[in-house]
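Student: got a predicted model here, sequence first, then my questions.
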Amino acid sequence: MGCRVVTAVRQFLFGASLLARGLGLVVRSPKLLFIGLLPAVISGVLYTAALVALIDFLPALSRDVTWFADGWAEGWRELTRVLAGAGLLGVAALLGILTFTAVTLLIGDPFYERISELVEDRFGGVPGEVEVGFWRSLARSLADSLRLIGISIPVGIALFLAGFLPLVGQTVAPVIGAAVLGWLLAVELTGVPFQRRGRRLADRRAALRTQRPVALGFGVAVFCCFLIPLGAVLLMPAAVAGATLLARAVLGDPLTETAGSATPGHPAAINSR
């Protein structure tokens with residue numbers, strides 16, 4: 001039991017390190033950085049405009065959702081509306097993190113396809129690569145993203161509401177939230193490399209489950225970085241590069257820049273010890 005826990009922790013840390021490796025690849029290549037930042041900046045502008053609009057309408061929205069408090073004493077009524085406004089902002093921020101990745105990947109589909117392709121080439125390419133046309137690839141990405149967003153929204157709202165529970169909301173809920181949302185981000189970001197191999201969303205989930213601690217480590221690292229202001233915009237290229245490495249890791253493809261066995265810390269190496 002103890003050995004399995006240690007192994008799971010090491011795999012989790014390995015998964016988190018894939019984001020750092022992706023960042024290293026992007027930083028060393030200005031071409032990758034430029035390709036990846038453009039769609040993220042476009043999404044960032046759109047989401048910022050939406051946030052400004054939400055803040056502008058927030059007082060009216062708070063009054064609308066607290067209609068039941070209209071007849072209360074002024075102090076309690078205002079407190080209820082402030083809490084409702086904070087709740088609306090919190091839900092919006094959480095949904096923003098969940099949907100930003102999907103929207104950015106859709107906007108930047110050809111850009112991120114190129115980043116993923118360049119990363120794959122540096123690590124030996126893709127055996128039996130499946131050529132998918134642009135429009136077909138975009139349609140698949142849209143369908144998969146809509147499915148994931150459909151799952152993410154109710155999960156995100158439930159986790160946010162759980163945050164108001166005494167004790168549990170401040171301890172267990174954030175951990176569960178990071179794990180669940182991290183998993184969804186890992187599934188979302190690995191879409192491009194899996195499509196290159198002719199695999200759809202169900203195949204992606206099944207493959208990631210075989211190395212769940214690795215996928216969680218990567219996804220949680222991305223989620224935590226996306227919580228930082230502008231983190232989602234600045235780190236999207238690194239997240240795409242890291243997700244390509246994650247796909248290679250769970251599918252058993254080489255993770256060294258020359259063909260060969262897995263790098264130290266690769267799940268296969270870990271499990272063989």
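Tutor: Received the coordinates, thanks.

Student: following the chain onward from the longest helix seen in the chain, which element is next?
Tutor: Selection of the longest helix in the chain by residue count, based on DSSP state H, yields helix 30-65. Later in the chain than helix 30-65, the nearest helix or strand by DSSP states H and E is helix 74-107.

Student: report all helices and strands that that next one contacts.
Tutor: helix 30-65, helix 134-162, helix 172-189, helix 212-226, helix 231-251 (3 or more C-beta pairs under 8 Å, 6 or more residues apart in numbering; DSSP states H and E). C-betas here are computed from N, CA, C, even on glycine.

Student: any buried residues in it, and which?
Tutor: Buried residues in helix 74-107, counting neighbours by 16 or more other C-beta atoms under 10 Å, are found at 80-81, 84-85, 87-89, 92, 94-107.

Student: measure how that helix sits relative to helix 172-189, angle-wise.
Tutor: Using axes from the mean of the first three to the mean of the last three C-alpha atoms, to 10 degrees, the direction of helix 74-107 lies 20 degrees away from that of helix 172-189.

Student: pop out the phi and psi values for Glu129.
Tutor: Torsion angles at Glu129 (phi, psi; degrees, to the nearest 10) stand at phi -60, psi 140.

Student: once you drop chain neighbours, what's closest to it?
Tutor: Leaving aside its sequence neighbours, Glu129 sits nearest to Arg196 (C-beta to C-beta, 6 or more residues apart in numbering; 5.7 Å).

Student: what about the one you found, how many neighbours?
Tutor: If you count neighbours by other C-beta atoms under 10 Å, Arg196 ends up with 22.

Student: quick one: it from Pro59, how far?
Tutor: To Pro59, Arg196 is 48 Å away according to C-beta to C-beta, to the nearest Å.

Student: excluding sequence neighbours, find me the nearest residue to the residue most central in space within the chain.
Tutor: Geometric centre of the chain, nearest residue: Leu185, 2.6 Å, by C-alpha atoms, centre = their mean. Excluding the flanking residues, the one nearest Leu185 by C-beta to C-beta, 6+ apart is Gly219, at 4.5 Å.

Student: alpha carbons of stretch 179-187, as CSV, please.
Tutor: C-alpha atoms of stretch 179-187 as CSV (Å, rounded to 0.1, in the frame of the first residue of the first chain):
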residue,chain,number,x,y,z
ALA,A,179,-8.5,17.4,-9.0
VAL,A,180,-11.8,17.4,-10.9
LEU,A,181,-11.1,20.5,-12.9
GLY,A,182,-7.5,19.5,-13.4
TRP,A,183,-8.7,16.2,-14.9
LEU,A,184,-11.1,18.1,-17.3
LEU,A,185,-8.3,20.4,-18.4
ALA,A,186,-6.0,17.4,-19.1
VAL,A,187,-8.7,15.8,-21.2
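
Student: off-centre distance for it?
Tutor: Computed by C-alpha atoms, centre = their mean, to the nearest Å, the chain-centroid distance of stretch 179-187 equals 6 Å.

Student: for Arg21, find the nearest of the helices and strands packed on helix 74-107.
Tutor: Nearest to Arg21, of all these, is helix 231-251, at 5.9 Å by C-beta to C-beta.

Student: about what we covered before: any idea how far Arg199 is from the residue nearest to Leu185?
Tutor: If you measure Gly219 against Arg199 using C-beta to C-beta, the figure is 18 Å.

Student: higher neighbour count, the two?
Tutor: A direct count of neighbours by other C-beta under 10 Å for Gly219 and Arg199 places Gly219 higher, at 30 against 18.

Student: Ile107 against Pro39, yeah?
Tutor: Yes: taking contacts as C-beta atoms under 8 Å, Ile107 lies within contact range of Pro39: 4.4 Å.

Student: still on that earlier bit, contacting residues around the residue nearest to Glu129?
Tutor: By C-beta atoms under 8 Å, 6 or more residues apart in numbering, the contact set of Arg196 is 116-117, 120, 126, 129-130, 132.
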